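1. Sequence and predicted model, in that order:
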Amino acid sequence: MPLLFEANVLLLVFSSSVLLGGESWAFHATRAPGALAPGLGSRLRTATNDLFSAVDVDEDALQKYHSVVDKHAYIGSTQLYPEPRSLEESPILLNAFLTDSRPVESQADLGLGKFIMSDWRKAWFTYGQCDRSMSAEEYQRIKNTDGFLVDPLTGEAQYEVHDIDGQLPDDLVGVLYRNGPGKFGVNGERVTHILDADGLVLRFKFKPPEEMDSSSSSSRVTFTSRFIETDGFCEERQAKQFTKRGTFGTAPVPSWYEPLRDGLNEDPPEKPPILARIAANAFKVDIKNTANTQVVAFGGKVLALWEAGMPYQLDPETLKTLGMDTLGSGRNLKGKLAVNYVPGIPEALQPDILGGLAHTAHPKMCPRTGHLVGWTWAQNPTDGSMEVTFTEYDSNGFTIVASDSHILGGCALAPHDMVLTENYVMLKINSLVMDQLSFLSGAKGPAECLGMDGRASVKAFVFPRPTLTEEKKKVYAAFVVEGIPACFSIHFSHGYEDAKTGNIVSYFSGWPPSDSESFLGAWGGFAPDYNKIPPTYYWRMEIDPVTQKCVDLRVSPGHENMCIEHPVVHPNVQTKDAKYAYAQCCNKVGDASAPMGYAKMKLDGTVAVQSNLAMGDPNDEVDVYWVGSRRFAGEPLVVPKRGGSRTETDAYLLGLVYDAVRNQSSLMVFDLERDLKEGPVCTIWLKTALPHGLHGCFAPDSSVQTSCFC
């Protein structure tokens, strides 16, 4: 039977952060990523050469650079520059590297996609001192004497934050949660792929000013962190080795094969010989649930999500793992795959691993009803289809309001994200197939078995929302949209039904048509390599429910050459025609690079279309704040101001930023009533560095009855 289930987690993005560039694309796009037409990028090269020629580097400094042991001290590869380049090509970055300082650069100098690869690798270091292996005796000795700032076993940290640049706004009140890969291996052996790492959840509590004692030195901001102690995490911590297969290729080895254990902050070991991989993993299809993708607060619960399994519930204050949450299914789902039972066979005779469920890592929040709208899925084992169940939950006790099940024909891999409107839910299906034999034999991980056809047309399934009346479900009946032009969708910022046409309009980050055959392969190794993954743009898609056709698909007008990921809107316009969207941004020239800024994108038609831009040409019409070429920007989150109006700009944008010079992370706070390019109103510095991370949510108070999330 087709066991294609666990590969569904591959539609993260990046979570992660798939921040790559390219030229303007619409239906006619044909050029493969990185295949530059003659002359493209020449203006970019001229501009950067002029800029860097103004900085002198003496011979002593060059000799010092040549003697540097760090083999990753080079300019990161990109689509325009697919080969690593010496820092000598950028005297500004070279001087900054040699003096361990931030470059002297203005906002006008930035946005070209230059970064130092060794800096980017540091953004993917294991959290705190958790890269160390230590005996139980040493652990207890340190814990009982000096203590740990970050506990190396649990990732636990808790402290008040006093290092704040600028003024913390009085109306920023509530709790911010973040989730993402945080522990990159076990016992000195690093994971093969960053998305196989164990989840690390973070908590920032912003106390109301009126609760503070004016005579006290206490801070309004408290920080807490902890690893998500899933069953797999605890099992591997006890065994001191990998015991479960990871989605992206991390796997156990047989007892007779000893992997290199150079440390969690060193390159992962080379793959074992194929016979060793097969011997240890053949027919072991219980993929490790890392719970490392998203965290949502709703109905009094805090849930860590991973889309190929069920969520794990966390204590809202301590972040201690409370166990797997089946979301009211009433079934024992531990060790079960998201595959339905084989039809015609009594349940008692079914294989033990069947009968499981998986929940999406990207539910949506309806601003009108306050419902959390999520969906579970399970592969049908005989016909390659998938059963999905959409459920709307009320915040009062996390109770189910309504639920509907549907079949996705010809869908072997669950999509990563969904679209929610007032009357519809929509799933866009990307063109992916899986090599079942390599997966079942244990020769490859699920991700490695995925094949992507970057030029095949795709389709979307549209269904009425579960809470509609039976009469309305006839009006907003289910349908399938075939023949959508090739485009790989990752994260949807929002969707709505156009008031004039009734068409379904959605916006998402995604890849253009390409010849790439690998999904997230360049995210393997130590850190993402930006010369291999197809570029990521902000797309607008429009579907006519009457003709059941895609009538428009293009890069969002005015945002050509803006390379973005993790787009979001104000939570009050999640199902409306939003005026603004915000995103993590890597550059403005259509190249591929690490994320180094935040962009505000106007969707009201007031930004001129930049249709003549070629790769290498800057788009200077978009409001962007660049955090600097030795800093890296995490996913943004839009948080309404306490007591404010419900307008889109009456909010803050929060973003975690890693500073490679200070080896520290900070939380930047932008007031959306100002232009982003004016910079943050405050920067909250943590005591340590944080791994790059993925998604998060913000609850207005500690009751965690509801939240807004990415």
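-> Looks like it came in fine. Numbers count the residues shown, from 1 in each chain.
2. tell me the SS of Pro534?
-> Recorded secondary structure, Pro534: coil (DSSP: H, G, I helix; E, B strand; the rest coil).
3. Let's see the pLDDT reported for it.
-> Listed pLDDT for Pro534 reads 75.
4. ok, the spatially closest residue to it that is not a sequence neighbour to Glu160 distance?
-> Spatial nearest neighbour of Pro534, excluding adjacent residues (Cβ to Cβ, 6 or more residues apart in numbering): Trp511 at 3.8 Å. For the C-beta atoms, the positions are set from N, CA and C on the backbone; glycine is no exception. Trp511 sits 42 Å away from Glu160, going by Cβ to Cβ, to the nearest Å.
5. try Met365
-> 30 Å.
6. repeat for Ser629
-> Ser629 is 31 Å from Glu160, by Cβ to Cβ.
7. more crowded one of those two?
-> Each of Ser629 and Glu160 has its neighbours counted (other Cβ atoms under 10 Å); Ser629 has more, 27 against 12.
8. Does the more buried one belong to a helix, a strand or coil?
-> coil.
9. pLDDT value on Glu560, please?
-> Model confidence at Glu560 (pLDDT) stands at 95.
10. Check the one 5 residues further on too.
-> The predicted structure scores Glu565 at 95 on the pLDDT scale.
11. hang on, isn't it packed against Ala592?
-> No: the criterion here is Cβ atoms under 8 Å, and Glu565 misses it with Ala592 at 11.5 Å.
12. Who has more neighbours out of these two?
-> Ala592 (33 against 25).
13. Secondary structure element holding the more buried one?
-> For Ala592, there is no enclosing helix or strand under DSSP states H and E.
14. how near is it to Pro82?
-> 9 Å.
15. Could you tell me which residues touch both of these two?
-> The contact sets of Ala592 and Pro82 overlap at Asn531 (Cβ atoms under 8 Å, 6 or more residues apart in numbering).
16. just for the chain, where's the confidence low?
-> 1-58, 61, 69, 131-133, 516-522 (pLDDT under 70).
17. Helices along that one, start to end?
-> 42-52, 59-66, 91-98, 117-122, 136-144, 231-239, 274-281, 436-441, 470-475 (DSSP state H).
18. Any chance of the ones you listed in CSV with distance to Ala581 as columns?
-> Shown next, in CSV, are these (distance: least, Cβ to Cβ, whole Å):
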stretch, distance to Ala581
helix 42-52, 26
helix 59-66, 41
helix 91-98, 31
helix 117-122, 25
helix 136-144, 46
helix 231-239, 35
helix 274-281, 42
helix 436-441, 37
helix 470-475, 29
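19. Out of those, which is closest to Leu349?
-> Across the helices of the chain, Leu349 has its closest neighbour in helix 436-441 (21.2 Å, Cβ to Cβ).
20. Quick check: buried residues in the closest one?
-> For helix 436-441, the neighbour count (16 or more other Cβ atoms under 10 Å) marks Ser438, Phe439, Leu440, Ser441 as buried.
21. need the contact list for the residue nearest to Trp124 when sequence neighbours are not counted.
-> Using Cβ to Cβ, 6+ apart and skipping the chain neighbours, the partner closest in space to Trp124 is Ala527 (4.6 Å). Counting by Cβ under 8 Å, 6+ apart, Ala527 touches Met117, Trp120, Arg121, Ala123, Trp124, Ile194.
22. Likewise for Asn663?
-> Lys122, Ala689.
23. and if you look at the one 10 residues further on?
-> Applying Cβ under 8 Å, 6+ apart to Glu673 gives the contacts Thr649, Asp650.
24. go on, Leu153?
-> Leu153 neighbours (Cβ under 8 Å, 6+ apart): Cys130, Tyr139, Arg237.
25. For Asp196, list the residues it contacts.
-> Contacts of Asp196 by Cβ under 8 Å, 6+ apart are Pro181, Gly246, Thr247, Phe248, Gly249, Thr250, Lys288, Thr290.
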